[in-house]
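Enquirer: Only the shape, not the letters, is given here:
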């Protein structure tokens, strides 16, 4: 299966034909033992989702995320991405650590910086890929050689649609996957495989008439049920966008300096959210509620050191300061905030100078 891992079979590596129904049950048990909250199995048909993706791209809702359109139909046709793929094993892992500062309280404190709760601790990509690799090795111990490849945001994969088809949840009106027993605070990962495993029943939708996520979005990025315009989304603006944040969105961003959780925080299903048992997801450097002025004072060396192995690295140092400058502009006027911004007013980055000037103008009103 293309680049899928595959051991060469030896004379002692002979396994009887597996009972795939029994193997599927074992896979779910092994996934749980490896720290995943849940696992499910789906086929590869994503025809309706492909049409939805094509419409989304045609409307330009992906913004500067050119990689969303770069791979053609490989994103929606797993067997094109990895020839031979017959099934997808989807897994989810909860990420809210116990003891994390209350999200609403941080959002209501304009002098603190809000970091999306998924990004407070260790970056999940390597951790989950390692666990998926171990899951594949357990499968190999039973069936011998088989084709597979593990993904965690590492390739053009339509992970939410696959997870829905595997029974792990439904895609809500905010386009985030929701699980009836666990809300939406979890990561997703996939194991593409050539094994003809029995598939699970897709999850049914349970948003009903609720539209809280649409109504609460600070920038009205959810332009309709199940329709997200990423160009308006605070997560896109503070993480993916590498240039200037459009002025119309700077005030609504408030104190959100890396990502946004509002649509999840308001979702009634998150009353069932489960805390993670993974210690690596615990908040680092008090980032679940640190003060803006303190964070704005980090040097590039401090930023790189303190965010090593964290998703926050994705925004880069320039983006980090840009985002905090916007938040300081939205903070209550104070001499300390103006002094912090003045210290960056002549920064080498033109983008940062622009946002600092905007923030200082707001501070002086």
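Expert: Sure thing, it's come through. What you are looking at is a predicted structure, and each value in this text was computed from that prediction instead of being measured.

Enquirer: switch to C-alpha atoms for all contacts and neighbour counts from now on
Expert: Fine.

Enquirer: which intervals of the stretch 1-150 of the chain have sub-threshold pLDDT?
Expert: 1-15 (pLDDT under 70).

Enquirer: go with 90
Expert: 1-18, 53-54, 56-57, 59-72 (pLDDT under 90).

Enquirer: cool, the stretch 251-365 of the chain as well?
Expert: Under the criterion of pLDDT under 90, the regions of the stretch 251-365 of the chain flagged as low confidence span 364-365.

Enquirer: At which residues are the helices of it located?
Expert: For the stretch 251-365 of the chain, helices defined by DSSP state H, counting those that start in this stretch occupy the ranges 262-265, 292-296, 300-306, 316-330, 335-342, 350-363.

Enquirer: Show me what the second one is in contact with.
Expert: Counting contacts by Cα atoms under 8 Å, 6 or more residues apart in numbering, the residues outside helix 292-296 that touch it are 111-113, 321, 324-325, 327-328, 336-337, 340.

Enquirer: try it again with 6 Å
Expert: Residues outside helix 292-296 that contact it (Cα atoms under 6 Å, 6 or more residues apart in numbering): 111-113.

Enquirer: which among these gets closest to residue 361?
Expert: Comparing the contacts of helix 292-296 against residue 361 with Cα to Cα places residue 111 closest, at 17.3 Å.

Enquirer: For the closest one, give me its contacts.
Expert: Here residue 111 is in contact with 291-292, 331 (Cα under 6 Å, 6+ apart).

Enquirer: so is residue 17 in a helix, a strand, or just coil?
Expert: coil (DSSP: H, G, I helix; E, B strand; the rest coil).

Enquirer: Please name the nearest non-neighbouring residue to it.
Expert: The spatially closest residue to residue 17, leaving aside those adjacent along the chain, is residue 143, at 7.3 Å (Cα to Cα, 6 or more residues apart in numbering).

Enquirer: and that neighbour, how many residues sit next to it?
Expert: Other residues lying near residue 143 total 19 when counted by other Cα atoms under 10 Å.

Enquirer: ditto for residue 362
Expert: 18.

Enquirer: thinking again about what came up before, which one of the helices of the stretch 251-365 of the chain lies closest to residue 279?
Expert: Closest to residue 279 of these is helix 300-306 (Cα to Cα; 17.3 Å).

Enquirer: so which of the helices of the stretch 251-365 of the chain gets nearest residue 72?
Expert: helix 316-330 (28.3 Å).

Enquirer: how much space between the closest residue to residue 336 other than its chain neighbours and residue 110?
Expert: The shortest distance from residue 336 to any residue that is not its chain neighbour, by Cα to Cα, 6+ apart, is 7.9 Å, and that residue is residue 293. As for residue 293, its distance to residue 110 is 11 Å (criterion: Cα to Cα, to the nearest Å).

Enquirer: Show me the helices in the stretch 1-150 of the chain, by range?
Expert: With helices called from DSSP H, counting those that start in this stretch, the stretch 1-150 of the chain shows them at 20-33, 47-58, 67-70, 78-81, 103-107, 124-143.

Enquirer: Figure out which of these is closest to residue 365.
Expert: Across the helices of the stretch 1-150 of the chain, residue 365 has its closest neighbour in helix 103-107 (22.2 Å, Cα to Cα).

Enquirer: before we move on, back to that, dump the contacts of helix 292-296 to JSON lines, plus distance to residue 316.
Expert: As requested, the contacts of helix 292-296 are arranged in JSON lines below (distance: Cα to Cα, whole Å):
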{"residue": "111", "distance to residue 316": "22"}
{"residue": "112", "distance to residue 316": "20"}
{"residue": "113", "distance to residue 316": "16"}
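
Enquirer: closest to residue 29 among those residues?
Expert: Proximity of these to residue 29 was ranked by Cα to Cα; the top entry is residue 113 with 39.2 Å.
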